[in-house]
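> only geometry, no sequence info:
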């Protein structure tokens, strides 16, 4: 999957979430706006209530989406399930999609009525979703291979070139000019003289050909980018470990309570359309 296809893939899943949410709001807004004590008199109360055909169905579908999204991601990440056919980074997007749309369906299943153990399950679910958003942000900061495997610090460092040697070899520059150019990689925005535009002007003033100036600017930009990634990598790896400490317990609490909720529902004889 190339970059364009990946962008379309994410856009399609985002559009589905938005469209489904709008549809759910539009379909039941007259019911959800009613005070809890007056909903019984709504003409479609038996349809929209949590135990109704529509409300109950949303809960079942939403729960299955969450369980499938979590299950297949864990199976791929920890046990290399279908590792040759499914890239981890694409599966992560699908996991996020299911675990975003699923909770939305569960939210409408509750008909915005929270209480008792359901309240604990709901807020645990909210905590899981919010921590998932934070985890996604941290995840994309960590350099990875095209398959989605996390790069080690040494692997990222090996991506760097010896800029001093490359400049001297490729462009036959004198040592003083090479030292001046490499100085721009320390901090791109430390001063106006160290900015990209400053480097461009300096190279132009030295009479370098346009093509050489463009290549040197690109090399310096790549060096700065890699330096920042290296500096950020260790911090993000630590944050990702701490994130698991928060994300996993909330997910386990939600899962346990959902199982209890389903068990109680079945014990009281609530069934969907079967």
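Everything's here; your move. Small disclaimer: the values here were computed from a predicted structure and weren't measured.
> longest helix of the chain, counting residues only.
helix 210-267 (DSSP state H).
> mean confidence for that one?
In this model, helix 210-267 carries a mean pLDDT of 77.
> helices or strands next to that helix in the packing?
helix 53-79, helix 117-141, helix 153-158, helix 163-171, helix 196-205 (3 or more Cβ pairs under 8 Å, 6 or more residues apart in numbering; DSSP states H and E). Using the backbone N, CA and C atoms, a C-beta is placed for each residue, glycine as well.
> next, count neighbours for residue 48.
Residues within reach of residue 48, counting by other Cβ atoms under 10 Å, total 22.
> once you drop chain neighbours, what's closest to it?
Closest residue in space to residue 48, ignoring its immediate chain neighbours: residue 31 at 4.4 Å, by Cβ to Cβ, 6 or more residues apart in numbering.
> surely that neighbour and residue 45 touch.
Yes. Under the criterion of Cβ atoms under 8 Å, residue 31 makes contact with residue 45 at 7.2 Å.
> what touches both of those two?
By Cβ atoms under 8 Å, 6 or more residues apart in numbering, residue 31 and residue 45 have these common neighbours: residue 39.
> have a look at those two and say which one is more surrounded.
Neighbours were counted for residue 31 and for residue 45 using other Cβ under 10 Å; residue 31 has more, 20 against 16.
> low pLDDT regions in the stretch 51-200 of the chain?
115-118, 141-162, 186-196 (pLDDT under 70).
> how about a cut-off of 80?
Along the stretch 51-200 of the chain, segments meeting pLDDT under 80 span 77-89, 114-125, 131-133, 135-200.
> now residue 36. Nearest residue, chain neighbours left out?
Residue 36 sits nearest to residue 113 (Cβ to Cβ, 6+ apart), 6.1 Å away.
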